[in-house]
Structures are given as C-alpha cells and as structure tokens.
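Colleague: return a 3D structure for these sequence lines:
(chains A and B)
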Amino acid sequence: MYKYDHFDQSIVDARVAEFRDQVNRRIAGEITEDQFKPLRLMNGLYLQLHAYMLRVAIPYGTLDSRQMRMLAHIARKYDRDYGHFTTRQNIQYNWIKLEECADLLEELATVEMHAIQTSGNCIRNISSDQYAGAAADEVADPRPWAELLRQWSTFHPEFSYLPRKFKIAVIASPEDRAAMRLHDIGLELVRQNGELGARVFVGGGMGRTPMIAPEINPFVKANDLLSYIEACLRVYNRFGRRDNIYKARIKILVHEIGADEYRRQVAEEFAHVKTLGIDPPLAELERISAFFAPPAFDAADVEPDRSDPDFAVWLDQNVKPHKQAGYAIVNISLKPIGGIPGDATSAQIDVMADLAEQYGFDELRVTHAQNIVLPHVAKRDLHAVWQALREADLADANLDLISDIIACPGLDYCSLANARSIPVAQKIATRFADMDRQRDLGELKLKISGCINACGHHHAGHIGILGVDRKGVENYQLTFGGSGAEDVSIGKIIGPGFDEDGVVDAVEKATEVYKTLREGDERFIDTYRRVGLEPFKEAIYG
Amino acid sequence: MKLLTGNELGSGAVTWWTGSGWSLHVEDAVDVGEHGEAVLHAEEGARRVNAPYIIDAVATPQGPRPAHIKDRVRALGPTVRPDLTLKPADPAAGDWII
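Modeller: Numbering: from 1, shown residues only, chains lettered A, B, ... in the order given. Sure thing, here's the model as predicted:
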C-alpha cells in the first residue's frame, strides 16, 4: 500500500482547512450557494434528494484496515450507520451535515484519505483491477501506475477545469475486470519483447452516448506513458466541446474527429510534451513500486475442507485463484438477497477490516461491481474467513450471478435519477433467491441505472435495465448484450419498457429462453450473441 | 396547488414553505399560488433555504401531496429504507409515495 509522504499529507491537510473556511463562510451567509456549489463539489460534497452526500475517494479501490475502520467510524459518527460502495470503487455517505463536513474530512485525512476530485470536471479517482497484485494473469502490478497517475492528476493545474469529468482505468491482465474500455482513457499494461508498456484506449464511456474506446496506441513505452497521457488530455482540453454539456466528454471529440485524426494530434502533442521532462525518473517509479511489493507469502498449499456444502458453494462462487500457491482471492458480496447493492453497515465494514488485518495482509479492495475483495488470503484460513463473514451476513455466494446486481442509488437518493433502481434490484434478487437456480443460470451480469447517466452501468450489463420517467411514472427499458469485460459491448434496447413488476417478469422470461437455447457451457450473453434478440423478444412481448 | 420546497442549508434536509417559515413535513406546506417566486427569492436572498423551487401538488385530506414522484420521494425519504424516513415508526407512512 502506498503511504503518503510529507507533500501528500500537507496538500490534503491544507485542502481540509481551506474547505472548512469555505463552509464557515457559506453558513455565515458570506457566499451564496451559486458561489459555494463549485467549491463543495471539488470536495466531493453533493446536495442530493434528502441531504448532502459525500463521495470519498478510494484510490484504485485499494485500502487497508485502518482506513476501512475509519470509513466505518464516519458512517457511525457522521452518517446513519452505513456507507454505499460505488461503481467507481469509492464510498458515498448519504446523510452528511454541512457543518460537520470539515470535521469529517479532517478525520479522514488522518488515515491518508480525502474526497478531492470525486466530483467536478477534473480527473477523477483512478480505477483499476481489484485483483491487482494477486491475479495470475497480470503482466505487471497496475497499482504503481495507478498511484503515479493519482499523484500526477491530483490538483493538476491544467486539467482542473476540463470540458467535462474524466475517468481513467489501468489494468494489466487480458481479462478486464475494470470495464477499462468504457473509460475516457483505458490503459492495459502489456509487455512487448519483454519491455513494459501500455495499450492506450481513448474515448470510451457510458452515459447517454455509450461508446467503446478505440485503441489509440498499441504500445506506449512505460517511460513515455505519463507524457503520452498528458498529450491525450491536452488535445481534449483544447478541442473538447464546452458549449454543450452532452457533447463535452472526450468520447464525443474522438468520435467526431475520428480516432485517426485524434491519434495524429496526440502524436504531435506528445512530441512536444516529451521535451518537458514530466515522466518520472526510474528512482521515483521504484520508490512508488516498493509500496506495492508482494506480502510475505508463506502459507503451505493446502486445499480447504469442503465437507460443509454451504462453504463449498461459497468457495466455488466467491473465491478465485491467486498467483501464489497456498493463497486465494476472496470476494465479499455486498448483494444479499433483498438488500441494497453496495451498502454495508458500519459493523460490517469493521468486520471486513478485521478480516483483512487478521487474514489478508491488511489489504482490501473495492470493486466496480460494488463488492469488496480480500486479495491475499491463505487457503488454510478460508473457512475461518467464511465463518466470520457468515456471522456478519456477508457470505452470500453470488459473485457474478444474477443477484450480484450493480445498481445506482436511483430515485431513492439521487437528484438526477428518473426512476428507482434499488427496488428493482431487490425484486429481481428475491425472484431468483434460490441459489441452485442462480448457479444453474451461471454468469449473468445484470446492471440497473435510474437515469440515462448510467451510473449503474446498464449499457455494460448482459441484461441492462434503464429507469426512465414516463409522464411522472417509473418505466424500465431492458437492454441485452452489453459487457464491460474483455469482450466489451454495448447493450441494445429490446423493445418497449415495463413497469417495475413487468421488468422483473421480463428478466425471468429471458432467463427461461436462455435455459432452453443454451448450448454447452454458454453463458447468457454467449447464447444471446449466437441466437440474437428474436427468441427473447418473442417470449417477452409475445 | 403550488408548493415551495428546498433544502436546509445545514443538514440538506428537505423543507417546505408553511406560509411563515419552513417545515420538514410536507403536510405543513401551504399553497403559494402566484406568490411562489416572490417568496422563493426573498427566502433564498435571506439564506434561509438552499436550492428552492416551486412544484405542482394536489390537496388531499391528509395534506398536500407533490404531483411528481421525485418530490413525493423527497417528501418522506428513501422508499427502500423506511427506518430512515421522517416517520420510521409508521410502516404505512409511505403508501402514497409511489
């Protein structure tokens, strides 16, 4: 884990003090809401339906038990005893009081955390693979690069007022667990003749105009990467549209001028940027990388006793192979049947922190699917971890199954939403509560957004649900065929929308069609891609 | 009928114009008629409310009910967490929201 140096800590502390002053002036009436709003947003503070919401950054979804306990403490002291883990690998608190916000941020800063750049038209929290440092298929650990990008992008003076928000993901495996090509910039670390570099994809995203990022460069050498990304941003900052918020993301620029022209402009800019010397010296890269050295793995490679059938199911579903013999990656589902996707109580957050400390080399990860990962758990400890999780209602064995639903907060919390997402997720999960039924359906990624902004990633769902407002009534459109993985694709709307119960029925009918038509070990999306929409449409619309 | 609503500056809680002040309970809201804009500007200017706006509502025996679902959800709290609403002890309190 990266540890703040003096500079990191001092800029975060200074920002807390600055924001405290801004809050005080707002409360005293010295500044208007119009003046205050951009200031609070730069510190992650939104005004939502019922209260202020604070979004806390979790850099590349990585944190330690001390930080996780602080998140629980904040939930208890400043919120209503729970937090909501997000699709950006962050956490949101839904009931923050303005007058307490600076105190909260001050406490957060004591564990090297903040809410800076979790809103606004700037470079947001860098996201990454939740299995980083543990995945057998990674060519390098992406976290040092994510950390380098975090430092580079924090308070970057040139990129603090971009045309629109900007999201960067870094992965290092052929298997994409971070929806990399649905980011403004997606980086896949690769090796070419033994040399480390990155494939660079630019112009992806979801929202009202979903696009898959085209490859802009098949290999940028590691020691050119920061300059190249700077060039990518500079071209966007110069030519991205500021006249129309709906056309301001980089994906629109890349689409409008074309990938070839964008690539040419970036190459031209890169030739100049490279002369500025912004790529870090090797010593700095090594300093950052040292924080991510593998832990002292020493456990014997023993297979856990599978005699408890519930434990065996959890092992099969939620535990993934680790690159180190004797270890495994544990996925903690925050998707209990009938629960709120991504929510965890302060007590549950504490339990996860304790488990990380006791069994997981003090590391946790937040996933973009709104779950938690213990990346390094000795196989000999898996049963003890599972028992503790079960005690805390955290042992649902539904990773990547139909009840492992991504859902945005929707109209229950969000001021932008048009329809509620959470009740739909709850009803679908409850409909498919039977674990045998879920497991029979296999991997089925269902994602729900309560508006076109697509925070629930519905475009990338094997089954996606988009809530819309139809004359003041909630209506839900279904999309099929999306994927945020290495087989990335954008889902397509299948037909007219449904009411809340209707969309649950439609999902069930779709699964029945899949069960009838699937061949071999095809997943839902494989069958859909092979047979097309018609059989599903016929079953759903009759 | 027209209601004036906004959020408290300090807590962000939803508030409703009662004719003489602000209440957390939509049942206390009054019809602002054609005077909504004037009240809005006066109250916003005095910094007694955050992000105020005027909405359509219907009068019922139980009190005013916002016409649009978003404002009905605002009026009580998240439909998925009755324990976090303004009336956590009343399981039927949100029956009119959806």
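Colleague: what is the subsequent helix or strand relative to the lengthiest helix in chain A?
Modeller: Counting by DSSP state H, the longest helix found in chain A is helix A:6-27. Once the chain leaves helix A:6-27, the next helix or strand it forms, by DSSP states H and E, is helix A:33-41.
Colleague: the helix or strand that comes right after that next one: partners in the sheet, and parallel or antiparallel?
Modeller: Using DSSP H and E, the next helix or strand after helix A:33-41 towards the C-terminus is strand A:45-47. Strand A:45-47 pairs in its sheet with strand A:52-56 (antiparallel), by DSSP bridges.
Colleague: now what about the strand it pairs with, what contacts it?
Modeller: A:44-47, A:71, A:74, A:86, A:90-98, A:101, A:104, A:108, A:113-115, A:118-119, A:413, B:11-12 (CB atoms under 8 Å, 6 or more residues apart in numbering or on different chains). (C-beta placed from N, C-alpha, C; glycine too.)
Colleague: measure the closest residue to chain B within the stretch 401-542 of chain A to residue A:338 for me?
Modeller: Taking CB to the nearest CB, chain B has its nearest neighbour within the stretch 401-542 of chain A at residue A:412, 4.0 Å off. Note on residue A:412: its distance to residue A:338, by CB to CB, to the nearest Å, is 15 Å.
Colleague: among the contacts of strand A:52-56, which ones are in helices?
Modeller: Under the assignment DSSP H, these contribute A:71, A:74, A:98, A:101, A:104, A:108 to helices.
Colleague: which one of the residues you listed is nearest to chain B?
Modeller: residue A:98 (5.4 Å).
Colleague: enumerate every residue touching the closest one.
Modeller: Per CB under 8 Å, 6+ apart, neighbours of residue A:98: A:23, A:26-27, A:45, A:52, B:9-12.
Colleague: one more time with 7 Å, if that's ok
Modeller: A:23, A:27, A:52, B:9-10, B:12 (CB atoms under 7 Å, 6 or more residues apart in numbering or on different chains).
Colleague: got a PyMOL select line for the buried ones in those residues?
Modeller: Only the buried entries of these go into this PyMOL selection, using 16 or more other CB atoms under 10 Å in any protein chain shown:
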select buried, (chain A and resi 23+52) or (chain B and resi 9+12)
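Colleague: between the contacts of residue A:98, which sits nearest residue B:49?
Modeller: Nearest to residue B:49 out of the contacts of residue A:98 is residue B:9 (CB to CB; 7.2 Å).
Colleague: re earlier: and the contacts of residue A:98 as JSON lines, adding distance to residue A:357 and pLDDT?
Modeller: Formatted as JSON lines, the contacts of residue A:98 follow (distance: CB to CB, whole Å; pLDDT from 0 to 100):
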{"residue": "A:23", "distance to residue A:357": "34", "pLDDT": "97"}
{"residue": "A:27", "distance to residue A:357": "38", "pLDDT": "93"}
{"residue": "A:52", "distance to residue A:357": "31", "pLDDT": "98"}
{"residue": "B:9", "distance to residue A:357": "40", "pLDDT": "95"}
{"residue": "B:10", "distance to residue A:357": "36", "pLDDT": "94"}
{"residue": "B:12", "distance to residue A:357": "34", "pLDDT": "95"}
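Colleague: with distance to residue A:350 added, can I get the contacts of residue A:98 in JSON lines?
Modeller: Below are the contacts of residue A:98 laid out as JSON lines (distance: CB to CB, whole Å):
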{"residue": "A:23", "distance to residue A:350": "28"}
{"residue": "A:27", "distance to residue A:350": "32"}
{"residue": "A:52", "distance to residue A:350": "24"}
{"residue": "B:9", "distance to residue A:350": "32"}
{"residue": "B:10", "distance to residue A:350": "29"}
{"residue": "B:12", "distance to residue A:350": "26"}
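Colleague: identify the residues contacting the lowest-mean-pLDDT helix or strand in chain B?
Modeller: When the helices and strands of chain B are scored by mean pLDDT, DSSP states H and E, helix B:36-45 comes last with a mean of 94. Applying CB under 7 Å, 6+ apart, the contact partners of helix B:36-45 are B:2, B:4, B:17, B:32, B:49, B:52, B:54.
Colleague: pLDDT at the last one, what is it?
Modeller: The pLDDT attached to residue B:54 in the predicted structure is 98.
Colleague: and it, helix, strand or coil?
Modeller: The three-state assignment at residue B:54 reads strand, by DSSP: H, G, I helix; E, B strand; the rest coil.
Colleague: which residue packs closest to it, ignoring adjacent ones?
Modeller: The shortest distance from residue B:54 to any non-neighbouring residue, by CB to CB, 6 or more residues apart in numbering or on different chains, is to residue B:36 (4.1 Å).
Colleague: so how many other residues sit close to the one you found?
Modeller: 18 (other CB atoms under 10 Å in any protein chain shown).
Colleague: swap in residue A:299?
Modeller: 16.
Colleague: and chain A, what are its domains?
Modeller: Annotated domains of chain A cover A:6-109, A:134-290, A:309-391, A:406-541 [automatic domain parsing].
Colleague: near chain A, which residues of chain B show up?
Modeller: B:7, B:9-14, B:47, B:50-51, B:68-70, B:73-74, B:77-80, B:84 (CB under 7 Å from any CB of the partner chain).
Colleague: which stretches of chain B form strands?
Modeller: Secondary structure of chain B by DSSP state E: the strands cover B:2-7, B:14-17, B:22-23, B:50-60, B:63-66.
Colleague: so which of the ones you listed gets nearest residue A:404?
Modeller: Nearest of the strands of chain B (CB to CB): strand B:14-17, 32.7 Å.
Colleague: and that closest one, which strands flank it?
Modeller: strand B:2-7 (antiparallel), strand B:22-23 (antiparallel).
Colleague: most tightly packed of those strands?
Modeller: strand B:2-7 (a mean of 23; mean count of other CB atoms under 10 Å in any protein chain shown).
Colleague: angle of it against helix B:36-45?
Modeller: Angle of strand B:2-7 versus helix B:36-45, following axes from the mean of the first three to the mean of the last three CA atoms, to 10 degrees, is 20 degrees.
Colleague: ok, residues contacting strand B:2-7?
Modeller: The contact list for strand B:2-7 (CB under 7 Å, 6+ apart) reads A:47, B:13-17, B:29, B:31-33, B:36, B:39-40, B:49-57, B:64, B:66, B:71.
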